[in-house]
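Undergrad: Below: sequence and its predicted model.
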Amino acid sequence: MLLHILNRSPATSLVYRQALTAIGPEDRLLLIEDGVQGAMPQLVRHFEGLEGRLFALREDLASRGLEGHCDPAVQVVDVDGFVLLTEEADRTVSWY
Amino acid sequence: MLLHILNRSPATSLVYRQALTAIGPEDRLLLIEDGVQGAMPQLVRHFEGLEGRLFALREDLASRGLEGHCDPAVQVVDVDGFVLLTEEADRTVSWY
Amino acid sequence: MSEESTRENVADLLVILRHGPHGSSWLREGLDAALVAAAFGRQVSLLFMGEAVTALVRGQQAGALGQKGTAATLEMLAMYDIDTLLVEAEALARFGLAEQDLMLPVNRLDAESLPRLPAEHRLVLTF
Amino acid sequence: MSEESTRENVADLLVILRHGPHGSSWLREGLDAALVAAAFGRQVSLLFMGEAVTALVRGQQAGALGQKGTAATLEMLAMYDIDTLLVEAEALARFGLAEQDLMLPVNRLDAESLPRLPAEHRLVLTF
Amino acid sequence: MRYAILLLGAPYSRQASHSALRFARALVARGHGLEGVFFYHDGVHNAARLAAPPQDEPHLVDGWKALNREQGVPLQVCIAAALRRGLLDEREAARHGKQGHSVEPPFELTGLGQLVDLGLRCDRLVTFGP
Amino acid sequence: MRYAILLLGAPYSRQASHSALRFARALVARGHGLEGVFFYHDGVHNAARLAAPPQDEPHLVDGWKALNREQGVPLQVCIAAALRRGLLDEREAARHGKQGHSVEPPFELTGLGQLVDLGLRCDRLVTFGP
């Protein structure tokens, strides 16, 4: 199981599609930086099929005022949770 | 009449949509740098409705080996033609 | 501001903002250009396109390392007499943001009126 | 290489290239990482995704100011024993590129096989 | 016509600098006046005096210097964008208590007001983004 | 576990540096070893010794230095990427006949081979892109 990390918004960048192309059936996806926009209810549909494997970084949601705009399908983790996700994965792949 | 300048490929960036949103009915669009990928026959459909107002920079097509992959709907100009386009327009707007 | 008055608006500088806060310096640097122009007595319009609409979300905070963000700067716009805050209506819809989600009153601009803007300003800067 | 052998391929490093030539330094810097790893005796696979498929187009030239581009570097890959050149088939289709348009023989990878790749390498670098 | 160029991309990372320099030469060759090049955002890295690109690649910093020498084009660098990116001339280095400097003439550190002034004074401002 | 970080973004232009530094501190706090931070592409600008950010913003260059001082984390900068971007230590400045330098210890200019070695030696390499 790999951890994929995405830092771009699906609203303006198509990089999320490259990430989706490379994500295996057990892999997880963590949204960080501008990527957390993808956790918003209107945008989370771009990550269909990742139920239970989709995460977003709390600090990056909070600084953007988006904690209250986060879809319940997304699991919110802080930076310690980010480290934990990297521990649990065999390796990480970053998409930017 | 304004000249809009786009340097990103419609294959990976959605910036071209922002450009299209802002282009007026008489405005022109010049593709430069990675933007010239949009002149390829498979990608030029993203610029529908710009017939006669769509240009691509010859030097950037040539360095990428794309001169022979340019759709006939696109008018190819060299850097002197680029300057001429800026002369003819009231002002320029860059999208990147 | 009604669409009518938007149409009549003629100003020196249109600054098009297209990035959200915190992810990059684009938003800050675009706002800095607008503030400086206003401080020099120029008429400035701001257009929030795409991701930049997230810059207007209420309740923004400093970043995890203490990065300031841009919310405080946005609150200063009125002091600089920058009161033409135009927002791409389609972007608000795409992000699912309603007026009560925003920290400032804005003028929604539909896709039809947007192309008139660049032509109505002597200088257009995109950030 | 058939899909079958692609599946069995296990190597040290997967370098994912995602940018075209000339527009930025990403492609050059990604290739440099691959070449250095190969020179140090590591097994390297290259995956061309998205815009990077345009790096393989025949007939590239220097830029208008004499920028070298990356075509010459690609021609050196075999010398470095980098012979696993994988290409996202969907990207070739999106750009309308056929095999005769490309300067090197490549292995097309369909969307189904692609996710196996990162798991089959000890280290994955995206550029 | 009177032109100005706004350059927002770093050399050797994005093509923007190459495009801007090529455009600058072309418009001068066509008889236009280039009243200034303004470097902002990552474009300020074009003023890095220590840049040592490979010898078989174009030297962009020298390209801008030549444009200044031959055509008298002012090379204006946004001071706020430059300072945070480590680009200081002798005066700013002294003011910040740093030994050494990374920007030298003909590049001049200046305020954003110059960009607005340049853009409104000229007939055309062309932006090259990263 | 043994971790390595690859940082590809410039400070003050992209959030990547903030994210990487925050992640580095968190993994050290959780008891992991950070065997090195490798700076490549525009990430090399994190080593700019003259960086003078506004006083109310985090000083990222100092943040990396503190990580080195307190945890002994090596700060390795790709020499090829650095030279073309104007980031030279004293030795490289002398070798290129330039006065002054823009990189100083604990940042060390080194080859890309170090990145590959670091990535394959550690249990995890996490990339922070721009």
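TA: Sure thing, it's come through.
Undergrad: Can you name the residue of chain E nearest chain B?
TA: residue E:129 (2.8 Å; CB to the nearest CB). All C-beta spots, glycine's among them, are computed from the backbone N, C-alpha and C.
Undergrad: residues contacting the closest residue to that residue other than its chain neighbours?
TA: In this structure, residue E:129 finds its nearest non-sequential neighbour in residue B:96, 2.8 Å apart by CB to CB, 6 or more residues apart in numbering or on different chains. Going by CB atoms under 8 Å, 6 or more residues apart in numbering or on different chains, residue B:96 touches B:6-8, B:15, C:126, E:8, E:16, E:127, E:129-130.
Undergrad: Can you go through these and name the buried ones?
TA: B:6-8, B:15, C:126, E:8, E:16, E:127, E:129-130 (16 or more other CB atoms under 10 Å in any protein chain shown).
Undergrad: Redo the residues you listed as TSV? Include pLDDT, secondary structure and distance to residue F:44.
TA: Listed next are those as TSV, based on pLDDT from 0 to 100; DSSP: H, G, I helix; E, B strand; the rest coil; distance: CB to CB, whole Å:
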residue	pLDDT	secondary structure	distance to residue F:44
B:6	98	strand	29
B:7	98	coil	23
B:8	98	coil	24
B:15	97	helix	26
C:126	98	strand	27
E:8	98	coil	19
E:16	98	helix	18
E:127	98	strand	26
E:129	98	coil	21
E:130	97	coil	16
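Undergrad: Without its sequence neighbours, what residue ends up closest to residue 43?
TA: As the question left the chain open, I've gone with chain A. Nearest to residue A:43 is residue A:10, by CB to CB, 6+ apart, at 5.5 Å.
Undergrad: Oops, wrong one, chain E.
TA: Here the residue nearest residue E:43, using CB to CB, 6+ apart, is residue E:7, at 4.0 Å.
Undergrad: and the spatially closest residue to residue E:98 that is not a sequence neighbour, what are its phi and psi?
TA: Once flanking residues are discounted, residue E:98 sits nearest to residue F:50: 5.4 Å by CB to CB, 6+ apart. Dihedral pair for residue F:50: phi -90, psi 0, per degrees, to the nearest 10.
Undergrad: If the residue sitting nearest the centre point of chain E is in a bridge, with which residues?
TA: For chain E, the residue nearest the mean C-alpha position is residue E:39 (4.3 Å; CA atoms, centre = their mean). Beta bridges link residue E:39 to residue E:7, residue E:77 when assigned by DSSP bridges.
Undergrad: who are the neighbours in contact with it?
TA: E:7, E:46-47, E:75-78, E:81-82, E:107 are the contacts of residue E:39 under CB under 8 Å, 6+ apart.
Undergrad: Now for those: which two are most distant?
TA: E:75 and E:81 (14.1 Å; CB to CB).
Undergrad: Chain C: strands as residue ranges?
TA: C:11-17, C:44-48, C:84-88, C:107-109, C:121-126 (DSSP state E).
Undergrad: so which of those strands is the most packed in?
TA: strand C:44-48 (a mean of 25; mean count of other CB atoms under 10 Å in any protein chain shown).
Undergrad: Remind me what it packs against, helices and strands.
TA: Contact here means 3 or more CB pairs under 8 Å, 6 or more residues apart in numbering or on different chains; DSSP states H and E; on that basis strand C:44-48 packs against strand C:11-17, helix C:26-39, strand C:84-88.
Undergrad: follow-up on the earlier one: and the pLDDT for the residue nearest to residue E:98?
TA: Note on residue F:50: pLDDT of 97.
Undergrad: Which residue comes closest to residue C:109 once chain neighbours are left out?
TA: In space, residue C:109 is closest to residue C:86, 4.9 Å off (CB to CB, 6+ apart).
Undergrad: Then residue A:9?
TA: Counting by CB to CB, 6+ apart, the residue nearest residue A:9 is residue A:37, at 4.0 Å.
Undergrad: ok, the one you found to residue C:103 distance?
TA: 17 Å (CB to CB, to the nearest Å).
Undergrad: Counting neighbours, go ahead and name the busier of the two.
TA: Taking neighbours as other CB atoms under 10 Å in any protein chain shown, residue A:37 and residue C:103 compare with residue A:37 leading, 27 against 15.
Undergrad: give the contact list for that one.
TA: Counting by CB under 8 Å, 6+ apart, the residues that residue A:37 touches are A:9-11, A:43, A:64, A:66, C:20, C:51, C:54, C:95.
Undergrad: do that again at 7 Å, thanks
TA: A:9, A:11, A:43, C:20, C:51, C:54 (CB atoms under 7 Å, 6 or more residues apart in numbering or on different chains).
Undergrad: now the strands: where do they sit in chain E?
TA: Going by DSSP E, chain E shows strands at E:2-7, E:33-39, E:75-78, E:107-110, E:124-128.
Undergrad: still on that earlier bit, give the burial count for the residue nearest to residue E:98, as a bare number.
TA: Using other CB under 10 Å: residue F:50 sits among 25 other residues.
Undergrad: Also residue A:50?
TA: 18.
Undergrad: Can you give me the distance of the residue in chain E sticking out farthest from the centre to chain C?
TA: Distance from the centre of chain E peaks at residue E:97, with 24.8 Å (CA atoms, centre = their mean). Going from residue E:97 to chain C by CB to the nearest CB, to the nearest Å gives 23 Å.
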